[in-house]
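**Q** Starting from these lines, generate the structure:
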Amino acid sequence: MKKVAIIMGSDSDWPVVKSACTVLKEFGVPYEAHILSAHRTPEAAAAFAKSARANGYGLILCALPPTPPCPLWASR
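**A** Modelled structure (predicted):
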């Protein structure tokens, strides 16, 4: 079975991804959580993504912290 990579921009995103890890564990899906910031370490984040398939990942989940709705989307 392929692994799932869960990507957080920082460890403060852990509350956002914790429940996803719990569900994956309950279903027996192998996963790894990584801290990779596209803003602070873009080269490392890109290298991880480029090599993910070769490293056995079948899915990459990226955490986004809760944010207010974007005003541009609210008008749609």
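**Q** Only C-alpha atoms from now on, for both contacts and neighbour counts.
**A** Fine.
**Q** List the contacts of stretch 36-45.
**A** Residues from elsewhere that reach stretch 36-45, judged by CA atoms under 8 Å, 6 or more residues apart in numbering: I7, M8, G9, S10, A46.
**Q** buried ones in the helix or strand where E43 lies?
**A** Using DSSP states H and E, E43 sits in helix 42-51. Neighbour counts over helix 42-51 (16 or more other CA atoms under 10 Å) mark A45, F48 as buried.
**Q** after it comes which helix or strand?
**A** From helix 42-51, the next helix or strand downstream (DSSP H and E) is strand 57-62.
**Q** quick check: mean pLDDT across that next one?
**A** Averaged across strand 57-62, the pLDDT comes to 95.
**Q** Next, the angle helix 42-51 makes with it.
**A** 150 degrees (axes from the mean of the first three to the mean of the last three CA atoms, to 10 degrees).
**Q** next one: the helix ranked longest in the chain to chain centre, how far?
**A** In the chain, with assignment by DSSP state H, the single longest helix is helix 14-26. For helix 14-26, the separation from the chain centroid amounts to 11 Å (computed by CA atoms, centre = their mean, to the nearest Å).
**Q** Please identify the pairing partners of whatever helix or strand comes next after that helix and their relative orientation?
**A** Downstream of helix 14-26, the first helix or strand assigned by DSSP H and E is strand 31-35. Take DSSP bridges as the rule and strand 31-35 pairs in its sheet with strand 3-8 (parallel).
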